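S.K.: Would you be able to build a 3D model of this:
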Amino acid sequence: MRSFGDQSQVSAGAVSSTIPASSVNEVMGQRLRFRRRHLGYTLATLSEEVGVSTQQLHKYESGVNGIRATVLLKISSVLNVPVSWFFEGLQPEADMPDDLLDLTSDPDNGELLLLFSKLKNPTVKSGILKMVRHFADEENAAEETTTADTTNGET
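M.R.: So this is what the prediction gives:
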């Protein structure tokens with residue numbers, strides 16, 4: 001498969017800036033992994049239905065390789081999403097929040113988001129958000145204390 005590398009740029013449509021091909025590959029791969037898991041496909045079953053090796057599908061999901069147009073058409077058909085779904089939300093790097101890719105790169109984050117979006121009861125959702133905020137605040141406070149201790153020469 002032809003690789004475009006990090007120096008290659010992909011036009012962002014009507015946007016005057018460009019997005020590195022590697023970023024497009026990463027976002028598309030993350031969306032592919034998210035949708036595959038959401039529908040309960042394993043790498044092996046989806047790769048068989050699409051007609052690519054499991055290793056190649058893994059490379060697509062990890063953003064190592066870009067997805068060829070013909071393969072993307074097959075994948076979108078099997079996963080029952082339009083091809084454009086893989087490109088939704090792409091914007092020039094300058095406008096993309098720094099932590100967006102970090103947030104979606106962890107499979108647990110994607111699963112949490114998926115499961116949370118299935119909840120219908122606003123009271124339950126609110127309670128879960130409060131709990132997660134509490135744990136995040138505690139963890140951030142502990143990290144800040146450790147950083148301050150290290151800065152002051154303590155261990």
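S.K.: Distance-wise, check Glu49 relative to Ser77.
M.R.: 9 Å (Cβ to Cβ, to the nearest Å). Any C-beta I mention is one placed from the backbone N, CA and C, and that applies to glycine too.
S.K.: Spatially nearest residue to Asn25, not counting backbone neighbours?
M.R.: Spatial nearest neighbour of Asn25, chain neighbours left out: Gly63 (4.2 Å); criterion: Cβ to Cβ, 6 or more residues apart in numbering.
S.K.: quick one, phi/psi of the one you found?
M.R.: For Gly63, the backbone dihedrals are phi 80, psi 10 (criterion: degrees, to the nearest 10).
S.K.: Just list the residues touching it, thanks.
M.R.: Applying Cβ atoms under 8 Å, 6 or more residues apart in numbering, we find Gly63 in contact with 22, 25-30.
S.K.: Could you tell me the end-to-end distance of stretch 54-70?
M.R.: Start and end residues of stretch 54-70 are separated by 17 Å (Cα to Cα, to the nearest Å).
S.K.: And the average pLDDT for that stretch is what?
M.R.: Over the span of stretch 54-70, the pLDDT mean works out to 92.
S.K.: And whichever strand or helix holds Glu143, what does it pack against?
M.R.: Counting by DSSP states H and E, the element that carries Glu143 is helix 122-151. Helices and strands in packing contact with helix 122-151 are not found; criterion 3 or more Cβ pairs under 8 Å, 6 or more residues apart in numbering; DSSP states H and E.
S.K.: show me where this structure has helices.
M.R.: Listed from the start of the chain, the chain has helices (DSSP state H) covering 21-38, 43-50, 54-62, 69-78, 98-105, 107-118, 122-151.
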